[in-house]
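>>> Just the structure for this:
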Amino acid sequence: MTDGPRADLRDAAAAALDGGATLLQYRDKTADAPRRLREAQALAQLCADRGVPLIVNDDIELAAAVGAAGVHLGEHDDDIAAARARLGADAIVGVSCYDSARRARQLAAAGADYLAFGAFFPSSTKPAARRAAPALLREARALGLPLVAIGGITPDNGGTLVEAGADYLAVIAAVFGAADVRAAARRFADLFATTRSRQP
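Numbering: from 1, shown residues only. Model prediction:
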């Protein structure tokens, strides 16, 4: 997950993809609409060239404008039906479930494509975020959707979340805040490979 603005956003995103990131989410909470459009367009082209889905955080209209693969919605954003109506039936619509199994069940029934939980660890991006436990991932496996873990995740603590059932680890600081973005992303890609190789 990007967290801008930053002058080298496209290069940093390319480095993350080179390191093994399998999905990119554009996240920018500022009100600079022209810059956000330019950046999202650049990332959409980058992801299209690499065959990697681009998800836009919170902004259905921006996702539509740049032809993104989909959108990620939080509890204060539009609903899944609105996203489908604007982006089409094939769009990826992911949702934040925070620490709530009940919310996850409701949103799975409403047609979400993936469910995101967290924060699992203290996060500099959202210091006051609600905290979730790995057991929530184990419980959510029964819903049959891809699961995303978020919140303070590093290569050192992420393995427990993969073991608990996370299909994706959503990371900002531990990748885009690293001196070597490509190497940081590679550590997470390797984490999935090594953790899953140990599982029965």
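
>>> From here on, just use CA atoms for contacts and neighbour counts.
Noted.

>>> mind listing the strands for the chain?
24-26, 54-57, 70-73, 92-98, 114-117, 147-150, 168-170 (DSSP state E).

>>> can you redo those as JSON lines with mean neighbour count and mean pLDDT?
Shown next, in JSON lines, are the strands of the chain (neighbours: other CA atoms under 10 Å; pLDDT from 0 to 100):
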{"stretch": "strand 24-26", "mean neighbour count": "24", "mean pLDDT": "98"}
{"stretch": "strand 54-57", "mean neighbour count": "27", "mean pLDDT": "98"}
{"stretch": "strand 70-73", "mean neighbour count": "26", "mean pLDDT": "98"}
{"stretch": "strand 92-98", "mean neighbour count": "24", "mean pLDDT": "98"}
{"stretch": "strand 114-117", "mean neighbour count": "26", "mean pLDDT": "98"}
{"stretch": "strand 147-150", "mean neighbour count": "24", "mean pLDDT": "98"}
{"stretch": "strand 168-170", "mean neighbour count": "23", "mean pLDDT": "97"}
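
>>> export those to JSON lines and tack on distance to Arg6?
Output for the strands of the chain, formatted as JSON lines (distance: least, CA to CA, whole Å):
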{"stretch": "strand 24-26", "distance to Arg6": "12"}
{"stretch": "strand 54-57", "distance to Arg6": "17"}
{"stretch": "strand 70-73", "distance to Arg6": "21"}
{"stretch": "strand 92-98", "distance to Arg6": "25"}
{"stretch": "strand 114-117", "distance to Arg6": "25"}
{"stretch": "strand 147-150", "distance to Arg6": "21"}
{"stretch": "strand 168-170", "distance to Arg6": "19"}
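
>>> among those strands, which is nearest Arg86?
Arg86 lies closest to strand 70-73 among these, at 10.3 Å (CA to CA).

>>> The closest one pairs with which strands, and in what direction?
Paired with strand 70-73 in the same sheet, following DSSP bridges, are strand 54-57 (parallel), strand 92-98 (parallel).

>>> And stretch 45-57, end to end?
17 Å (CA to CA, to the nearest Å).

>>> about what we covered before: can I get the strands paired with strand 70-73 in a markdown table with distance to Asn157?
Shown next, in a markdown table, are those (distance: least, CA to CA, whole Å):
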| stretch | distance to Asn157 |
| --- | --- |
| strand 54-57 | 24 |
| strand 92-98 | 18 |
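
>>> Indicate which one of those strands is closest to Gly118.
From the strands paired with strand 70-73, taking CA to CA, the stretch that ends up closest is strand 92-98, at 4.9 Å.

>>> what comes into contact with that closest one?
55, 69-75, 80, 83-84, 103-104, 107, 112-119, 130-132 (CA atoms under 8 Å, 6 or more residues apart in numbering).

>>> same check, this time on stretch 122-140
Stretch 122-140 is contacted by residues 98-99, 101, 104, 117-121, 147, 151-152, 160-161, 164-166, 172-173 when judged by CA under 8 Å, 6+ apart.
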